[in-house]
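K.L.:
Predicted model and sequence below, questions to follow.
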Amino acid sequence: MPTALSVNINKVALIRNSRGANRPDVLQIARDLEDYGADGITIHPRPDERHVKYSDAYALRDVVRTELNIEGYPSERFLKMVHEVQPAQCTLVPDAPGQLTSDHGWDAKSRYEELRRIIEPLQELGVRVSIFLDPDPEQVAFAKMSGTDRIELYTGPYAHVYPKDPARAVAAYKITAMAAIDAGLGINAGHDLDLSNLQHFIDHTPALLEVSIGHALISDALYYGLSNTVNMYKSRCLPTAN
């Protein structure tokens with residue numbers, strides 16, 4: 001089965017905010033991405049709202065026809081918004097308030113009880129929960145104890161090593177994915193995946209359900225156009241024979 005492609009539209013919102021108006025229209029871009037084949041829309045509102053705003057989450061709730069995935073650190077404000085919007089999926093990340101971008105996963109070993117207290121109320125609303133995790137099989141058992149439905153593998157290290165040694169880049173992810181399968185957890189992935197490295201990752205990471213891609217996809221769309229770019233990424237979400 002192909003891996004689902006959820007497109008992160010933070011960078012679209014960043015361009016919009018730079019002029020203080022509504023161009024490009026984030027809601028229309030979300031509609032278009034779905035029309036072009038995206039399997040979901042991802043947003044990651046940050047405390048300073050420098051790109052996606054909290055108000056965008058409420059507006060997208062009534063627009064997205066596939067799956068809305070809302071990422072973020074589980075602050076009181078963030079959780080209030082998620083409880084009100086009730087997206088298909090909420091991905092919890094351990095970002096500091098002023099962090100530029102996500103760069104590490106949860107230490108589920110030390111924080112699984114805290115995560116469980118956050119996750120259970122979301123699941124009671126029917127929201128699927130995923131937690132951001134480094135490629136470390138030891139963390140998977142504690143992720144399971146948190147009650148999460150899925151893990152999202154942080155693929156920054158993979159993207160960094162891939163150009164020099166593709167096999168080494170993906171090795172820890174394969175082992176971690178196998179541990180997640182054994183634990184009965186779904187597997188997502190995201191961060192710095194692009195047209196050059198996505199196919200290899202999908203081919204060597206078993207049972208990968210979803211990838212979330214934003215920065216690279218929106219950047220590629222400047223050259224190839226949005227529709228063509230979505231199709232190019234979708235083609236790489238089909239596993240090939242190894």
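P.N.:
Sure, I can see it. Numbering: from 1, shown residues only.
K.L.:
now that we're looking at the most centrally placed residue in the chain, which residues does it contact?
P.N.:
Note on the chain: the residue nearest the mean C-alpha position is Ser212, at 3.9 Å, using C-alpha atoms, centre = their mean. Neighbour list for Ser212: Ser6, Val7, Asn8, Gly40, Thr42, Asn69, Glu71, Thr91, Glu152, Asn188, Ala189, Gly190 [criterion: C-beta atoms under 8 Å, 6 or more residues apart in numbering]. Every residue, glycine included, has its C-beta placed from N, CA and C.
K.L.:
For it, which non-adjacent residue is closest in space?
P.N.:
Among residues not flanking Ser212 along the chain, Gly190 sits closest, at 3.7 Å (C-beta to C-beta, 6 or more residues apart in numbering).
K.L.:
So for that neighbour, what's the pLDDT?
P.N.:
For Gly190, the pLDDT comes out at 97.
K.L.:
shouldn't it be in contact with Glu152?
P.N.:
Yes. Taking contacts as C-beta atoms under 8 Å, Gly190 lies within contact range of Glu152: 5.8 Å.
K.L.:
low pLDDT regions in this structure?
P.N.:
Across the chain, the ranges flagged by pLDDT under 70 are 96-103, 241-242.
K.L.:
Mind jotting down where the strands sit in it?
P.N.:
Applying DSSP state E to the chain gives strands spanning 4-8, 40-43, 68-72, 89-92, 128-133, 150-154, 186-190, 208-213.
K.L.:
ok, now how distant is the residue nearest to Ser212 from Asn22?
P.N.:
27 Å (C-beta to C-beta, to the nearest Å).
K.L.:
Same drill for those two, tell me which one is more crowded.
P.N.:
Neighbours per residue, other C-beta atoms under 10 Å: of Gly190 and Asn22, the larger number sits with Gly190, 26 against 11.
K.L.:
Can you name the residues that contact that one?
P.N.:
Asn8, Thr42, Glu152, Leu153, Tyr154, Thr155, Val211, Ser212, Ile213.
K.L.:
Could you single out the nearest of those to His51?
P.N.:
Closest to His51 out of the contacts of Gly190 is Asn8 (9.8 Å), distances taken as C-beta to C-beta.
K.L.:
what about the closest one, how many neighbours?
P.N.:
25.
K.L.:
Surely it touches Ile43?
P.N.:
Yes. Counting by C-beta under 8 Å, Asn8 sits close enough to Ile43 to count as a contact (7.0 Å).
K.L.:
So which residues of this protein form helices?
P.N.:
Assigned by DSSP state H, the helices in the chain fall at 10-17, 26-36, 54-61, 76-85, 108-124, 137-146, 156-161, 166-183, 198-204, 215-224, 226-236.
K.L.:
which secondary structure elements does the first one contact?
P.N.:
Taking 3 or more C-beta pairs under 8 Å, 6 or more residues apart in numbering; DSSP states H and E as contact, the helices and strands that helix 10-17 lies on are helix 26-36, helix 215-224.
K.L.:
Which among those helices is found nearest to Ile15?
P.N.:
For Ile15, the closest of the helices and strands packed on helix 10-17 is helix 215-224, at 8.6 Å, according to C-beta to C-beta.
K.L.:
Give the closest residue to Phe142 in space, chain neighbours not counted.
P.N.:
Nearest to Phe142 is Ala108, by C-beta to C-beta, 6+ apart, at 3.8 Å.
K.L.:
and if you look at Glu120?
P.N.:
Of all residues not flanking Glu120 in the chain, Gly147 sits nearest, at 6.1 Å (C-beta to C-beta, 6+ apart).
K.L.:
Quick one: neighbours of that neighbour, just the number.
P.N.:
17.
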